[in-house]
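[1] here you go, sequence then predicted model.
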Amino acid sequence: MIHIATVHWQTDEWIDVQLSYLKRFISPPFKIYTFLNNIPEEHYHKFDYVCDEPIADHGIKLNLLAEIISLQAREDDIIIFIDGDAFPIAPVDQFLSANLEKYPLTAVVRAENLSDRHPHPCFCATTVGFWNKLKGDWKLGYCWTDSTGALVSDTGANLLQKLEERSIEWLPLYRSRSIGKHSLWYGVYHELVYHHGAGFRPAVERVEINKGPFWLKYLWMSISKSKSLTAVLNKLWDKSLEKEIAKGNIPAHHSMYLQISREKDFFEKK
């Protein structure tokens with residue numbers, strides 16, 4: 001049995017798209033468990049389990065879904081964590097059969113995002129037994145240094161820490177190609193999974209903020225000798241830049257979504 005944990009937040013536009021690809025590329029039997037927040041109740045019947053408690057933290061939601069799954073699953077059952085704006089584009093069963101015997105866990109790694117190296121929740125697969133033995137945790141907390149020298153944490157950080165502390169070898173799934181022109185969104189990983197990116201939040205990423213006019217940012221920050229004031233200026237700058245980037249990304253984001261919703265084999269385009 002395969003148990004799928006996913007989250008949809010504030011919009012229902014990805015539900016039918018995701019479900020159609022899950023049914024197309026995962027052979028039954030499988031069950032789908034989800035958090036639906038501010039989603040019309042007309043969609044609830046499409047899932048095997050629905051929670052709509054007003055929890056904001058993505059990692060906590062995934063952890064709770066894993067607990068629900070563990071209450072009814074066997075240890076050798078497979079659990080797949082997948083973002084609401086992600087879905088398989090190739091047979092998942094074949095991939096899992098070939099790889100979960102060699103590796104206890106496999107997950108997307110978005111190395112293109114300033115050298116991130118943690119398991120990303122847009123796609124992660126393991127067995128229920130291994131998840132519970134590891135005491136898997138999707139929350140933030142553990143930090144690593146990205147390619148700019150900054151300390152960062154993200155959903156899946158604590159999972160990375162647990163894997164590293166135990167020296168567990170797992171299978172990372174790297175970006176194999178892009179559907180659109182964005183360096184992080186619209187990506188295909190391992191020719192297995194498509195991840196749209198920013199499907200439920202403002203369309204801006206760390207990698208884009210890093211491309212901003214930093215000469216002006218550092219000049220502005222250097223005016224102040226106060227570390228606390230510099231931190232405030234830095235935060236204000238990032239928020240202002242985020243809004244401008246997100247606004248500029250909306251047309252391309254919407255255009256790509258329309259292509260996905262209209263063309264069932266959109267991912268075959270090179």
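    On my side now, so go ahead. The structure displayed is predicted, hence computed values, not measured ones. Numbers count the residues shown, from 1 in each chain.

[2] shouldn't residue 137 be within a strand?
    No - secondary structure of residue 137 (DSSP: H, G, I helix; E, B strand; the rest coil): coil, not part of a strand.

[3] wait, doesn't it sit right on residue 163?
    No - at 10.7 Å, residue 137 and residue 163 do not qualify as touching, with contact defined as CB atoms under 8 Å. For glycine as for every other residue, the C-beta is placed from the backbone atoms N, C-alpha and C.

[4] the helices in the stretch 151-270 of the chain, which residues?
    Remark: helices assigned in the stretch 151-270 of the chain by DSSP state H, counting those that start in this stretch are 157-165, 206-209, 214-223, 227-262.

[5] pLDDT weak spots in the stretch 151-270 of the chain?
    202-251, 270 (pLDDT under 70).

[6] please redo it, this time with the cut-off set to 90
    151-153, 180-185, 197-258, 261, 268-270 (pLDDT under 90).

[7] helix, strand or coil for residue 4?
    strand.

[8] my guess is it contacts residue 28. True?
    No - using CB under 8 Å, residue 4 is not in contact with residue 28; the gap is 11.7 Å.

[9] tell me which of the two has more neighbours.
    For residue 4 versus residue 28, neighbours defined as other CB atoms under 10 Å are more numerous around residue 4 (24 against 9).

[10] tell me what that one is bridged to.
    Assessed by DSSP bridges, residue 4 has beta-bridge partners residue 32, residue 80.

[11] next one: it from residue 157, what distance?
    22 Å (CB to CB, to the nearest Å).

[12] got it, and residue 174?
    For residue 174 relative to residue 157 (CB to CB), the value is 19 Å.

[13] look at the two and report which has more neighbours.
    Legend: neighbour count by other CB under 10 Å for residue 174 and residue 157, higher for residue 157 (21 against 12).
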